[in-house]
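>>> Below are the sequence and a predicted model for it; my questions follow.
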Amino acid sequence: MSRGSDDNGGATKKEAEHARFIELAAGFCEASLSEPQWRELEALLLARPALRAQFQTWSAIHGQLAWSFGGRSERPLAPLTLAGSKQKRGWSLPAIRMLSIVGLAATVLITFLVFRPHPSVAPENNQGPIVASLADLVGEAEIVSPTGQRTTATAHQALRLKDTLRTLGEDGFAAVTYEDGTRLELSPETELQFVPYLANPDNQPLASGKKLLLMQGTVRAQVAKQPADQPLLLASPNAQMRVLGTSLTFTATNTSSRVELEEGQVQFTRKFDGQAVDVEAGFYAVAASDRPLRAEPLPKLKSYAQTILKPGGGGGAVLDPGAAFLAGLRSKVVQTWNVRTGEETAALKYHHGKATRLLFSPNSRLLVIAGSDGKPLLWNLDQSAPHKLALEGAPLALAFSADSKTVALVGKNSPAAIQRWDAAGGAALADWVTTAGGIASLAFAPDGKSLALGTMGGRVVLWDIASERAERTFAVGNGYVTGVLFSPDGRWIAAMRRADAKLMLWSVEDGGDPVPLSAHGAAIHAIAFSPDSRFLAAGTHDGNVTVWTAADKTESLWFTTHGQSVLSLAFTADSQSLLSASYPGLIEFWRMPKPAAGL
């Protein structure tokens with residue numbers, strides 16, 4: 001009886017060790033082991049040769065280990081089964097699934113645990129070589145070291161070999177840069193590992209090689225030209241590719257991977273069967289077990305987010321018309337930034353209550369700061385002190401003339417009067433009194449001869465400046481016209497009603513009825529014309545942007561930003577890209593469709 005008890009006790013001990021072993025190995029895969037847990041797992045491997053042997057067997061189940069963790073082979077190994085494992089060990093199906101996951105890290109785990117230096121020999125701060133830099137960061141992100149240590153990521157931080165970068169939450173966004181100009185942009189909830197590059201006969205890491213494993217999420221890569229014998233290697237759990245220099249977007253989930261090509265060409269390989277397909281600019285491909293692998297045309301070509309900075313959020317963030325600067329309010333300080341570099345260009349303390357409206361002049365050198373207290377400021381960004389403007393009540397509407405020489409505002413206490421100031425010196429000019437009723441929005445025509453006035457009663461009035469009277473009136477629906485805008489060539493007028501997400505567009509020359517355009521989303525917060533007057537864009541409260549071609553009023557592009565609400569829109573000077581500023585501080589660049597041949 002005693003002997004039987006001992007045998008049972010031994011079996012129970014082995015089962016307990018197996019269970020603990022699986023638990024620790026799973027922790028390794030999640031990079032969450034503490035130092036005592038590392039020691040415990042190391043002891044199990046050293047004491048149980050059978051565990052090490054079985055680890056090597058499990059690693060064959062997922063034969064992509066060599067590629068993912070630094071090996072030279074890019075061919076999948078033949079899958080092995082765990083036949084008899086369930087019966088012999090009494091393991092459940094969930095346990096087998098866990099072992100399958102653990103198998104991904106098996107060989108590296110053995111090598112690292114058995115042969116790693118003891119902490120007393122190699123201090124914990126003995127880190128790998130720097131391979132890249134965390135250039136930009138919005139929201140939260142963390143860096144997981146090869147030992148499982150987690151640290152909060154910060155902008156401009158160095159990234160080292162074998163580090164894993166994770167963006168956290170719905171607003172986490174990070175941009176990684178290499179010395180050669182290669183840029184990787186991680187969308188929210190993305191996990192990217194920097195893997196040793198072993199591409200030479202001696203199997204020694206190449207410091208100049210770039211090798212990345214996307215475990216989950218989305219990465220947009222702008223890859224500089226790479227040496228032909230050292231392409232950038234980019235993989236996920238189920239796909240891989242060699243990149244010599246291109247722009248692409250790569251997305252990975254547990255079951256599939258997708259690549260979209262903006263420029264260049266790549267060979268996209270599905271791991272489980274080794275099948276490959278060439279993907280060119282304007283095409284995409286999906287690697288999954290339940291669909292054929294082929295390149296298909298993208299419905300609408302777009303560029304993904306390229307986040308530079310995080311302004312203060314709130315409803316006041318605004319881009320300048322030239323898409324070069326962004327202004328925002330943070331802790332009663334109005335700040336402006338260069339959207340390309342992320343550098344602050346100016347700052348002004350604001351002591352007049354809460355700023356609710358910000359507006360750049362067309363030349364991008366002037367900024368109106370308006371708040372609920374009716375004391376707007378006119379700030380020349382080249383000077384430290386702004387001009388104070390005496391407005392009658394909180395601002396309902398504000399606009400600059402096309403030449404940036406005049407600023408006009410309408411106050412709540414006098415909604416039929418347009419108050420004006422000289423933008424250069426802040427001197428008050430004579431008011432314009434209209435018969436338009438309550439003015440909710442206004443815009444100067446590009447030629448400076450007329451104004452478009454959006455009213456509280458759902459009309460747009462074309463008001464002649466020389467004669468100071470209304471020329472034409474257009475009905476655009478019931479309720480406040482919260483935004484009105486001329487196209488740069490003066491041919492088109494767009495008017496928006498924020499409450500019902502409606503946008504109206506019509507020709508000034510033809511004088512026809514406004515044509516309704518339906519945006520994708522809730523209340524419209526921002527509208528913008530492209531400098532060539534070809535496109536009209538609208539951004540909504542729930543983070544969507546819709547773009548139409550003005551001439552035929554057809555939808556050309558629709559996308560969802562990574563922010564929660566679109567605050568401002570602006571096109572680049574060449575009309576080829578659209579910038580969106582969205583809460584809580586994402587600046588994103590979107591590529592516009594190219595015109596058809598002959599246009």
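Nice, I can see it. Note that this is a predicted model, so its numbers are computed, not measured.

>>> neighbours around the residue nearest to Gly245 when sequence neighbours are not counted, how many?
Leaving aside its chain neighbours, Gly245 sits nearest to Lys225 (3.9 Å; criterion: Cβ to Cβ, 6 or more residues apart in numbering). All C-beta atoms are positioned from the backbone trio N, CA, C, and that covers glycine. Neighbour count of Lys225, defined by other Cβ atoms under 10 Å: 12.

>>> try Arg220
Neighbour count of Arg220, defined by other Cβ under 10 Å: 21.

>>> From Phe173, how far out is it?
Counting by Cβ to Cβ, to the nearest Å, the gap from Arg220 to Phe173 is 11 Å.

>>> Could you pull up phi and psi at Glu15?
In terms of degrees, to the nearest 10, the main-chain angles of Glu15 are phi -60, psi -40.

>>> swap in Glu23?
phi -60, psi -40.

>>> mind checking pLDDT for it?
On the pLDDT scale, Glu23 is placed at 72.

>>> In contact with it: list those residues for me.
By Cβ atoms under 8 Å, 6 or more residues apart in numbering, Glu23 lies in contact with nothing.

>>> ok, back up a step: in a strand, that's where the residue nearest to Gly245 is, yeah?
No: going by DSSP: H, G, I helix; E, B strand; the rest coil, the assignment for Lys225 is coil, not a strand.

>>> does Val277 sit in a helix, a strand or a coil?
Classified using three-state DSSP, Val277 is strand.

>>> Beta-bridge partners for it, please?
In this entry, Val277 is beta-bridged to Phe268, by DSSP bridges.

>>> Next one: it from Asp447, what distance?
For Val277, the distance to Asp447 (Cβ to Cβ) stands at 53 Å.

>>> More neighbours: the two, which one.
Val277 (18 against 10).

>>> thinking the more buried one is in contact with Ala295, fair?
Yes: taking contacts as Cβ atoms under 8 Å, Val277 lies within contact range of Ala295: 5.4 Å.

>>> who touches both of the two?
Phe268, Ala285.

>>> would you say Ala43 is within a helix?
Yes: looking at Ala43 with three-state DSSP, it is inside a helix.

>>> I'd assumed Val266 was in contact with Val259.
Yes: at 6.8 Å, Val259 counts as touching Val266 under the criterion of Cβ under 8 Å.

>>> that older thread, is the residue nearest to Gly245 in contact with Thr246, as I believe?
No: Lys225 is beyond contact range of Thr246, at 9.3 Å (criterion: Cβ under 8 Å).

>>> re the thing from before, common neighbours of Val259 and Val266, please.
Met241, Leu248, Val279.

>>> wait, what's in contact with the last one?
Right, the one you point to is Val279. Val279 makes contact with Val259, Leu261, Gln265, Val266, Gln267, Phe268, Ala285, Ala295, according to Cβ under 8 Å, 6+ apart.

>>> how close does the third one sit to Leu485?
With distances taken as Cβ to Cβ, Gln265 is found 40 Å from Leu485.

>>> more neighbours, those two?
Of the pair Gln265 and Leu485, Leu485 is the one with more neighbours under other Cβ under 10 Å, namely 20 against 17.

>>> Which pLDDT value belongs to the nearest residue to the more buried one once chain neighbours are set aside?
Closest residue to Leu485 apart from its sequence neighbours, by Cβ to Cβ, 6+ apart: Ala494 at 4.9 Å. pLDDT for Ala494: 96.

>>> repeat for Thr549
pLDDT recorded at Thr549 is 92.

>>> Isn't it up against Ala537?
No: at 11.0 Å, Thr549 does not count as touching Ala537 under the criterion of Cβ under 8 Å.

>>> Looking at those two, which one has more neighbours?
Using other Cβ under 10 Å, the more surrounded residue of Thr549 and Ala537 is Ala537, with 27 against 18.

>>> who touches the more buried one in this structure?
By Cβ under 8 Å, 6+ apart, Ala537 lies in contact with Ile527, Ala528, Phe529, Ser530, Val545, Thr546, Val547, Trp548, Leu569, Phe571, Leu578.

>>> Could you do Pro514 as well?
Taking Cβ under 8 Å, 6+ apart as the criterion, Pro514 is in contact with Val460, Phe474, Ala475, Val476, Ala495, Met504, Leu505, Trp506.

>>> one more time with 10 Å
Contact analysis of Pro514 by Cβ atoms under 10 Å, 6 or more residues apart in numbering lists 460, 474-477, 493-495, 502-507.

>>> Are any of these buried, and if so which?
Among the contacts of Pro514, those classed as buried by 16 or more other Cβ atoms under 10 Å are Val460, Phe474, Val476, Gly477, Ile493, Ala494, Ala495, Lys502, Leu503, Met504, Leu505, Trp506.

>>> The last one contacts Ala495, correct?
Which is Trp506. Yes: counting by Cβ atoms under 10 Å, Trp506 touches Ala495, with 8.6 Å between them.

>>> Now for the two: what residues contact both?
Val460, Phe474, Val476, Pro514.

>>> The third one contacts Ala495, doesn't it?
Yes: Val476 sits in contact with Ala495 when judged by Cβ under 10 Å, with a separation of 5.0 Å.

>>> Kindly check the end-to-end length of stretch 541-558 for me.
End-to-end span of stretch 541-558 (Cα to Cα, to the nearest Å): 15 Å.

>>> Please disregard the earlier target; I meant stretch 530-541.
Termini of stretch 530-541 sit 21 Å apart (Cα to Cα).

>>> For it, buried residues please.
Buried residues in stretch 530-541, counted by 16+ other Cβ under 10 Å: Ser530, Pro531, Asp532, Ser533, Arg534, Phe535, Leu536, Ala537, Ala538, Gly539, Thr540, His541.

>>> can you check stretch 544-557 too?
Buried, per 16+ other Cβ under 10 Å, within stretch 544-557: Asn544, Val545, Thr546, Val547, Trp548, Thr549, Ala550, Ser556, Leu557.

>>> Sort out which of these are in strands and list them.
Asn544, Val545, Thr546, Val547, Trp548, Thr549, Ser556, Leu557 (DSSP state E).

>>> can you put the residues you listed in JSON lines and add distance to Leu186?
Output for these, formatted as JSON lines (distance: Cβ to Cβ, whole Å):
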{"residue": "Asn544", "distance to Leu186": "22"}
{"residue": "Val545", "distance to Leu186": "21"}
{"residue": "Thr546", "distance to Leu186": "26"}
{"residue": "Val547", "distance to Leu186": "25"}
{"residue": "Trp548", "distance to Leu186": "31"}
{"residue": "Thr549", "distance to Leu186": "32"}
{"residue": "Ser556", "distance to Leu186": "28"}
{"residue": "Leu557", "distance to Leu186": "23"}
